[in-house]
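Trainee: need a structure here:
(one chain, ligands or ions: 1)
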Amino acid sequence: MATETKVLIVYYSKHGNSAKMANLIARGIESQENTSSIIRTVKASGDEDFNNLDPIVELSDLNDCDGLILGSPARFGNMAAPLKQFIDETGLQWFSGTLSNKPAAVFTSSSSLHGGQETTLLTMMLPLLHHGMLIVGIPYSEKALLTTESGGTPYGASHWSGNDSERTIDKHEKELCIALGKRVADIAKKQKAQ
Ligand SMILES: Cc1cc2nc3c(=O)[nH]c(=O)nc-3n(C[C@H](O)[C@H](O)[C@H](O)COP(=O)(O)O)c2cc1C
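Mentor: Okay, here's the model as predicted:
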């Protein structure tokens with residue numbers, strides 16, 4: 001039997017929305033045969049409201065994964081500093097090419113619908129490209145991309161959390177989180193088999 005394909009999800013979350021998305025994406029990953037998800041968060045910045053139960057990521061987690069998915073709330077149209085802090089600690093992995101040729105994807109949550117979801121997703125991709133990773137988006141064959149009136153983009157999964165950051169993840173946003181996890185897992189499996 002082939003060894004299990006592992007997809008690592010690393011996220012930061014202050015109010016819990018990105019954490020919930022991580023779980024939905026994990027569901028998509030786990031829907032693929034012989035594939036598991038590993039959910040990790042990053043060291044907090046000290047302003048956390050959300051009581052996070054996921055373990056803190058370690059650099060060694062990057063060596064063990066076959067795919068990587070990063071998630072963060074939009075912060076001034078960019079990823080949150082605690083996630084960037086973690087990425088900036090991955091110099092050794094960069095030099096040694098640990099992540100090269102593995103699939104990667106991104107997801108975000110934001111309080112306003114046009115407040116920078118896409119810029120957050122696109123800028124989160126840059127370090128992944130420097131690592132030589134293969135960026136995976138969401139294809140328009142996912143019907144929810146055409147019908148969503150909230151989050152969900154071809155660049156990655158997204159959620160509109162509203163002014164109070166409490167709007168629930170709706171049907172379309174949820175479907176696209178699951179689709180993204182599934183797609184990364186599928187590609188990770190194929191890359192690993194090569
Ligand atoms: C400092 C700061 C900057 C933010 N910048 C943006 C932004 O640029 N666009 C936006 O729509 N929401 C912005 N937000 C709101 C968060 O993105 C939003 O509350 C998000 O859903 C939180 O995700 P979380 O529940 O995973 O922490 C910002 C929040 C903070 C605290």
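Trainee: secondary structure class for the closest residue to the ligand within the chain?
Mentor: Proximity of the chain to the ligand (Cβ to the nearest ligand atom) peaks at Gly115, 2.5 Å away. (Glycine included, C-beta is placed from N, CA and C.) Assigned with DSSP: H, G, I helix; E, B strand; the rest coil, Gly115 falls in the coil class.
Trainee: ok, and the closest non-adjacent residue to it?
Mentor: Nearest residue to Gly115, sequence neighbours excluded (Cβ to Cβ, 6 or more residues apart in numbering): Ala74, at 6.1 Å.
Trainee: and the one you found, what does it touch?
Mentor: By Cβ atoms under 8 Å, 6 or more residues apart in numbering, the contact set of Ala74 is 108-111, 115-117, 119-120.
Trainee: give me the buried subset of those.
Mentor: By neighbour count, with 16 or more other Cβ atoms under 10 Å, those hold 108-111, 116-117, 119-120 as buried.
Trainee: okay, strands next: where are they in this structure?
Mentor: 5-11, 35-41, 67-73, 103-110, 134-135, 157-160 (DSSP state E).
Trainee: I'd like those strands laid out as CSV, including mean pLDDT and distance to the ligand.
Mentor: As requested, the strands of the chain are arranged in CSV below (pLDDT from 0 to 100; distance: least, Cβ to the nearest ligand atom, whole Å):
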stretch, mean pLDDT, distance to the ligand
strand 5-11, 98, 8
strand 35-41, 97, 10
strand 67-73, 98, 3
strand 103-110, 98, 3
strand 134-135, 98, 22
strand 157-160, 98, 7
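Trainee: can I get these in TSV with distance to Ile187?
Mentor: Output for those, formatted as TSV (distance: least, Cβ to Cβ, whole Å):
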stretch	distance to Ile187
strand 5-11	10
strand 35-41	11
strand 67-73	7
strand 103-110	4
strand 134-135	7
strand 157-160	15
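Trainee: of those, give the one that comes closest to Glu142.
Mentor: strand 157-160 (10.3 Å; Cβ to Cβ).
Trainee: which strands and helices sit next to that closest one?
Mentor: Applying 3 or more Cβ pairs under 8 Å, 6 or more residues apart in numbering; DSSP states H and E, one finds that strand 157-160 contacts helix 17-30, strand 103-110, helix 117-130, helix 171-193.
Trainee: distance to Glu149 for these - can I get that in a markdown table?
Mentor: Listed next are the helices and strands packed on strand 157-160 as a markdown table, based on distance: least, Cβ to Cβ, whole Å:
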| stretch | distance to Glu149 |
| --- | --- |
| helix 17-30 | 18 |
| strand 103-110 | 15 |
| helix 117-130 | 14 |
| helix 171-193 | 8 |
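Trainee: Val136 is in contact with Ile187, correct?
Mentor: Yes: at 5.8 Å, Ile187 and Val136 qualify as touching, with contact defined as Cβ atoms under 8 Å.
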